[in-house]
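J.: build the 3D model from these lines:
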Amino acid sequence: MNEEKRVSDEERELMTERVGYAWKNFEDQQAIIRAADLKAGYLVTFLLFFGASTIPLGKEVLPKLRWVSAGEIAASGLYAATYVVFALGFVRALYLISHVLTPRIARHHARPADGRELLYYEHVVRYENSAAYFEAMAKVSPEEMLRNVTDQVYELAMIVKAKVDSLRAFSQAFKITLVAWFISTAVGFWIMTWMK
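T.: All right, here's what the predicted structure looks like:
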């Protein structure tokens, strides 16, 4: 009897450690998601600055482009090409950063089962009131608690992957956009000075 109780206590302690470990992983995934969203917010600001500064210059430069001499053709062509690359890169980067900021929902378990899906907000609010949710939580075994946490850790990992993949793709598009911005801005100001 004492042997069975000790095994049961040891199993319970092991399960508690596993739930704690999974919960730590849950919190880490949440922190990564918040960091990705924060980074995306800062990057959108930079992207919009580059877009906002390019449009007024383009309105001034585009009408002054000339296609007569070799120098004018080279400068006009370089400006037009980098302006187009910037515009396409800007749209692509904005599209990719929107994927970072897009809210995501759980992709598994459309309907909550007893003892399952007790952490995700859409599943929690399906209970008719907080008392029903409390009852569901009170009935959960340590194994079911671990399952709830690991389900959410997995969902968060999928969200992290989507956000990080979009940030990486954005980074590439942003670099191209930034180079095109520098070149088009420099050439645009140059065109403004020698075509007065």
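J.: show the contacting residues for Ile73.
T.: Going by CB atoms under 8 Å, 6 or more residues apart in numbering, Ile73 touches 66-67. Just so you know, the C-beta spots here come from the backbone N, C-alpha and C atoms, and that holds for glycine as well.
J.: and if we set it to 6 Å?
T.: Going by CB atoms under 6 Å, 6 or more residues apart in numbering, Ile73 touches Trp67.
J.: helices and strands of this structure: which one bottoms out on pLDDT?
T.: For the chain, the helix or strand with the lowest mean confidence is helix 121-124, at a mean of 80 (criterion: mean pLDDT, DSSP states H and E).
J.: flag every buried residue along the helix or strand following it.
T.: Sequence order places helix 130-138 as the next helix or strand after helix 121-124, per DSSP states H and E. Neighbour-count burial for helix 130-138, counted by 16 or more other CB atoms under 10 Å, picks out 133, 136.
J.: mean confidence (pLDDT) on helix 130-138, please.
T.: Averaging pLDDT along helix 130-138 gives 88.
J.: and for that helix, what are the contacting residues?
T.: Contacts of helix 130-138 (CB under 6 Å, 6+ apart): Tyr127.
J.: got the CA coordinates for that helix in PDB?
T.: C-alpha atoms of helix 130-138 as PDB (Å, rounded to 0.1, in the frame of the first residue of the first chain):
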ATOM      1  CA  SER A 130     -17.400  30.800 -15.600                       C
ATOM      2  CA  ALA A 131     -18.900  28.300 -13.300                       C
ATOM      3  CA  ALA A 132     -19.200  25.700 -16.100                       C
ATOM      4  CA  TYR A 133     -15.600  26.500 -17.100                       C
ATOM      5  CA  PHE A 134     -14.500  26.100 -13.400                       C
ATOM      6  CA  GLU A 135     -16.300  22.700 -13.300                       C
ATOM      7  CA  ALA A 136     -14.500  21.600 -16.400                       C
ATOM      8  CA  MET A 137     -11.200  22.600 -15.000                       C
ATOM      9  CA  ALA A 138     -11.900  20.900 -11.600                       C
END
